[in-house]
Structures are given as structure tokens and as C-alpha cells.
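[1] what's the 3D shape of this:
(one chain, ligands or ions: 2)
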Amino acid sequence: MNFDIDRYKQLAGRLNDGDIDYGHFHSHPIPEPALRCLRYMHDIEHHTACYLRDLLVTRAHRDPTLTTFLTCWAYEELWHGEAIGQVLAAHGESWGAARVAAARQRTAWSGRFAPWAMALSSAATRHVTAVHMTWGAINEWTTQAGYGRLAQRCDDPVLTTLLRRIMKQEGRHIDFYASQAHARLEGSPAAQRMTRTALRRLWAPVGSGVMPRPEVRHLVTHLFGDEAGREAVARIDRRIDMLPGLSGMELVANANRRLAFAGTGTV
Ligand SMILES: [Fe+2]
Ligand SMILES: [Fe+2]
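    Ligands and ions are numbered 1, 2, ... in the order given. As a prediction, this is how the structure comes out:
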């Protein structure tokens, strides 16, 4: 799969929400369980700047194709967070800088060490970029699926329009990360081994390192806990199966199962 970075550079931009009637939510509020997911999504979209910081201290910064993508990607994710913030604002909720500052405060300790860990891992192995591109593909797949599930569960025309536009941009992010992952894993057993090990040991649903555990559990069970959600997860796991050397992991299904069991006190 080839990704045309020059075309993406031309297409990338601020999410078009000029015609979204956020006042609609005054008369048609989103139910609390879904609003709780939107708070999570708002915070994580805005946390992209920190993910960018962590990636740029690795050898990824030497590759101009990667840095071009990451620059546009971070800008698009910012506007996803802003648009979701408008939905929260229409519900009288805190959004934007106030919520983002609280999230940064919560992650101040881990945020101090993350760039060091990333830089050290990058110095230790040249395959670190393969790991991060694969990680990015999986996070974009799950994010896009999460927005799709939220739209289905809420069945609100305004929210659905907004989320579909976000999902379209997430689709381009998926194309980039998945094409990079494929190219870096293909023909490299060492990269495949390292990526498999890193995912098995460290991968958790996007936002797990930032959001409180009950919020992660709520998001995963609300969006992926029913039949349609489990089917969406199975589709993502099948996509992971298609990446060189990564078949048979059931990574997302297993991570979601662990979270759900943890919620019942079984684990
Ligand atoms: Fe996004
Ligand atoms: Fe994205």
C-alpha cells in the first residue's frame, strides 16, 4: 500500500465544522454514558501534542516523510478535540484549555519520563519506528471504530455528521500508519519480533496512560462491549493479522476482555 504524502499535505487541514449546529444539543442532549466517552475523546485528541513530543525524540524525526505527516496529523487531531469540545460546551461542560490543563496535570509525572524512555529505546534499536508506526495504525483503527460505534449508539444526526467527518480524517491517518507499518515490518523478522513483543507487553487501548482507569473501562465497555462492538474489535484484529508477522495476536479483543474482567473484579 502506497501513501501519497504530497497529496495528504494538500488535503490535510482544520476539520470543517462551520455548518455544524452545536445549539442542536441544547434541545437534544447526548445521554450521559455517551457524553462520558466524548470527554475522554476530547482529552485524548488534545493529548496528541504529547504523543508528537514523544515520537520526535526518536529516530523518526530523521525521516522527512514522517515529520511531514506528523505535523499535519497533530494539527488535524487538535481540531478534532476542538470540535468535540464544542459539543461538550453545548452541554455546559468544561472543555478546551481548562480540561486539557487538568489532563496534563494528571500525567505530569509520567510525561516527564516518557521522552527519556522513547529516546533510549530509539538509541537501542533501529526497529523502534516499526513499533511506533504499527502502534499508531492500531490506535487510529480503534479510534475510528470508537467514533463509529458512538455515532451508532447515539443515533443523533448532528453528532453523526460531525463524527463521520472526523472519521474521514482518521481514515487518512490509518492509511499512513498502516502503510508505514507494513513497509517497515515486511522482510524484517527482527522488526516483527520486536513489534510483536512490544504490543503484547505494552499495548493498551488508546488513552490508557492518560485517562483514569474507570474512564478507560467505561469507554471500552460502552462502545465495544456489545455484539456490534465485539464485531468491530474482531475487524481491527483481522487488520492487525494482515501486517507482516503479526497474525494471531487477538490484541484488541484480549485487551478489552482484560479491562471488562477487571471491572467485574474477576481479575
Ligand atoms: Fe482524531
Ligand atoms: Fe487520527
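[2] what's the burial count for the one residue in the stretch 101-250 of the chain that gets nearest to ligand 2?
    Closest to ligand 2 within the stretch 101-250 of the chain is His173: 3.7 Å, counting by C-beta to the ion. Every C-beta, even on glycine, is put in place using the N, C-alpha and C of the backbone. His173 sits with 23 neighbouring residues when counted by other C-beta atoms under 10 Å.
[3] report the secondary structure element holding the nearest residue to it once chain neighbours are set aside.
    Closest residue to His173 apart from its sequence neighbours, by C-beta to C-beta, 6 or more residues apart in numbering: Glu140 at 4.5 Å. Assigned by DSSP states H and E, Glu140 falls within helix 128-154.
[4] angle of the helix or strand just after that helix against helix 128-154?
    Counting by DSSP H and E, the next helix or strand C-terminal to helix 128-154 is helix 157-185. Going by axes from the mean of the first three to the mean of the last three C-alpha atoms, to 10 degrees, helix 157-185 is angled at 160 degrees with respect to helix 128-154.
[5] buried ones in the very next helix or strand once past helix 157-185, by neighbour count?
    Counting by DSSP H and E, the next helix or strand C-terminal to helix 157-185 is helix 189-202. Buried residues in helix 189-202, counted by 16 or more other C-beta atoms under 10 Å: 191-192, 194-196, 198-199.
[6] helix 189-202 - contacts with which helices or strands?
    helix 128-154, helix 157-185 (3 or more C-beta pairs under 8 Å, 6 or more residues apart in numbering; DSSP states H and E).
[7] what about the stretch 151-267 of the chain, any weak spots by pLDDT?
    262-267 (pLDDT under 70).
[8] write out the residues of it neighbouring ligand 2.
    Contact residues, the stretch 151-267 of the chain versus ligand 2 (C-beta under 5 Å from the ion): 170, 173.
[9] who's in contact with the residue nearest to Ala49 when sequence neighbours are not counted?
    Among residues not flanking Ala49 along the chain, Ala74 sits closest, at 6.1 Å (C-beta to C-beta, 6+ apart). By C-beta atoms under 8 Å, 6 or more residues apart in numbering, the contact list for Ala74 reads 48-49, 52.
[10] Gly245: what secondary structure?
    Under DSSP: H, G, I helix; E, B strand; the rest coil, Gly245 falls in the coil class.
[11] ok, it touching Ala190?
    No: look at Gly245 against Ala190 with C-beta atoms under 8 Å: they stay out of range, at 9.9 Å.
[12] which strands or helices does the helix holding Glu140 pack on?
    By 3+ C-beta pairs under 8 Å, 6+ apart, helix 128-154 packs against helix 32-46, helix 108-124, helix 157-185, helix 189-202, helix 213-224, helix 227-241, helix 251-264.
[13] which one is the residue nearest the centre of the chain nearest to, not counting chain neighbours?
    Nearest to the mean C-alpha position of the chain, by C-alpha atoms, centre = their mean, lies Asn139 at 4.0 Å. The shortest distance from Asn139 to any non-neighbouring residue, by C-beta to C-beta, 6+ apart, is to Val206 (4.2 Å).
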